[in-house]
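> Please find the sequence and the predicted model below.
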Amino acid sequence: MGFHPNPLQSPGQTYGFRRMDQIACNPLLGLHLQELTALVEEFGQPSYRARQLFEAIYCQRIEAAGQISTLPQDFRRSLVERGFNVGLPGIEKKFVSSDGTVRYLVACADGQTVETVWMPEGDGGESGDGSEADAQTEGTGRAWERATICVSSQVGCAVDCQFCLTALLGIKRNLSAGEIVGQVCAVLNDQKVSPPQERVNLVFMGMGEPFLNYDNFIKGVRLLVEGVGIPETRMTVSTAGIAPRIYDLGAEAVRPKLAISLNASNDTVRSRLMPINRKWNLERLISAARDFPLRNREKLTFEYVLLDEVNDSAEHARELVELIRGVRAKVNLIALNPGPGIEFQTPRSGGVLRFQEILVAAGVPAFVRRPRGRDIYAACGQLKRTVELTAMS
Ligand code: SAH
């Protein structure tokens with residue numbers, strides 16, 4: 001449980017009085033309806049207050065418990081007095097790109113920061129079903145017809161992919177379910193956007209490995225679906241290849257679509273780029289992909305970051321075709337975003353398109369993902385890294 005098991009036991013000592021603008025020691029964000037029901041009952045309130053709280057936190061995304069006007073004043077006051085508050089993470093920094101991408105540095109209550117990215121118009125490669133039908137206009141009158149939010153799952157990452165900037169940070173800690181949902185709520189509030197009326201896709205492709213924080217990640221997903229109102233079919237989770245959790249995801253009643261960061265067509269190259277391949281090699285990973293129970297018309301996504309002269313040859317493309325033969329999947333090709341401390345280069349001119357042509361000619365749907373927000377440091381983990389490097393110098 002995310003809150004004190006008996007909040008009324010010693011309110012003075014444990015919680016004391018807190019100003020409403022202070023960071024709550026007991027965030028409500030991250031609690032599901034049953035947990036909120038237990039909480040309101042401990043406060044001697046009728047259980048329907050839990051639904052009111054749930055709607056205020058996730059649908060209306062009210063930022064302070066004291067402002068939830070559907071609740072009686074005295075209940076609001078006692079919540080705050082006992083240290084309960086919404087617990088929305090703050091936006092510490094915001095970088096706006098010339099292409100409309102906005103990168104947020106989001107601050108957790110303990111001062112740790114993660115990055116969350118807002119991409120208007122989405123990124124045709126990773127959202128939707130790959131048919132490109134998503135790009136059609138829906139007459140919303142906005143500058144964008146749909147937007148994608150890229151969400152982090154951990155502070156830093158333990159997986160150590162050799163081309164990824166987040167890996168250089170190491171792992172600091174898991175994000176709670178509330179912090180995962182909180183990133184989305186903070187960005188929606190900043191952008192003044194409300195699903196489901198306005199179309200928002202989510203990709204769990206920010207900092208961290210979602211499947212090494214599985215329970216919080218999947219709880220976050222449920223709250224985002226049931227509370228915030230983003231359909232599960234508009235969410236994609238990307239994994240570096242934690243094979244057992246792929247089976248767990250397949251067994252979930254509510255789950256995002258699955259993307260697997262493949263990045264190599266054989267074990268030798270993959271183990272060099274992604275040491276996790278020594279634990280779950282391509283045979284185990286592709287078996288998990290083949291066993292994954294896809295919904296009607298759903299496709300798996302394989303992501304493939306192209307690195308010059310490492311995994312981008314015509315031979316690699318043909319090997320990839322054979323590796324994934326028979327899996328109902330599309331491939332998203334991403335030219336490496338280079339960065340400080342990364343030993344690889346982006347493919348030379350034409351390399352990405354030649355790779356794509358080989359896949360397409362073999363009948364594999366393959367898309368080249370546009371780099372987003374290059375001018376504000378678009379590579380995975382780069383915003384935080386840049387900020388840290390600047391702070392150090
Ligand atoms: N840990 C998860 C999700 C975070 S990484 C995973 O590995 O899938 C999200 C995507 O960004 C992955 O497909 C990863 O391969 C890609 N990526 C990481 N570093 C990159 C870089 N420097 N340039 C381009 N893509 C990168």
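It's in.
> Let me see the mean pLDDT of stretch 57-64.
The average pLDDT within stretch 57-64 is 96.
> Just the buried positions in it, please.
Across stretch 57-64, burial judged by 16 or more other C-beta atoms under 10 Å covers 57-58, 61-63. Bear in mind the C-beta positions are built from the backbone N, C-alpha and C, glycine included.
> repeat for stretch 333-343
By neighbour count on 16+ other C-beta under 10 Å, the buried set for stretch 333-343 is 333-339, 342.
> so which of the residues you listed comes closest to the ligand?
Of all the buried residues of stretch 333-343, the ligand sits closest to residue 337, with 3.6 Å by C-beta to the nearest ligand atom.
> so where is the chain shaky, pLDDT-wise?
1-24, 122-143, 378-393 (pLDDT under 70).
> ok, back up a step: same list, the buried residues of stretch 333-343, but as CSV with distance to the ligand and secondary structure please.
Shown next, in CSV, are the buried residues of stretch 333-343 (distance: C-beta to the nearest ligand atom, whole Å; DSSP: H, G, I helix; E, B strand; the rest coil):
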residue, distance to the ligand, secondary structure
333, 10, strand
334, 5, strand
335, 7, strand
336, 5, coil
337, 4, coil
338, 7, coil
339, 6, coil
342, 6, coil
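> Closest one of those to residue 183?
Proximity of those to residue 183 (C-beta to C-beta) peaks at residue 337, which lies at 20.9 Å.
> Number of residues surrounding the closest residue to residue 62 other than its chain neighbours?
Leaving out its chain neighbours, the residue that sits closest to residue 62 by C-beta to C-beta, 6 or more residues apart in numbering is residue 56, at 4.8 Å. Other residues within reach of residue 56 by the criterion other C-beta atoms under 10 Å amount to 19.
> In terms of helices and strands, where is residue 310?
Using DSSP states H and E, residue 310 falls within no helix or strand.
> Assess the claim that residue 170 and residue 155 are in contact.
No - Residue 170 lies out of contact with residue 155 (C-beta atoms under 8 Å); the separation is 9.6 Å.
> the more surrounded of those two?
More neighbours surround residue 155 than the other of residue 170 and residue 155, with 22 against 11 (other C-beta under 10 Å).
> Confirm for me that that one is in contact with residue 114.
Yes - shown here, residue 155 and residue 114 form a contact pair, counting by C-beta under 8 Å, at 5.7 Å.
> Mind listing the shared neighbours of the two?
Among the neighbours of residue 155, those also in contact with residue 114 (C-beta atoms under 8 Å, 6 or more residues apart in numbering) are 108, 175, 207-208.
> mind listing what the residue nearest to residue 62 touches?
Taking C-beta under 8 Å, 6+ apart, we find residue 56 in contact with 62, 68, 70-71.
> Same check on residue 104?
So residue 104 contacts 91, 93-94, 115-118, 183, 186-187, 190 (C-beta under 8 Å, 6+ apart).
> In terms of helices and strands, where is it?
Assigned by DSSP H and E, residue 104 belongs to strand 102-107.
> Report the next helix or strand after that strand in sequence order.
strand 113-120.
> which residues sit against that next one?
By C-beta under 8 Å, 6+ apart, the residues outside strand 113-120 that reach it are 92, 100-108, 143-144, 147-152, 154-155, 175, 179, 183-184, 186-187, 190-191, 206-208, 372-373, 381, 383-384, 387.
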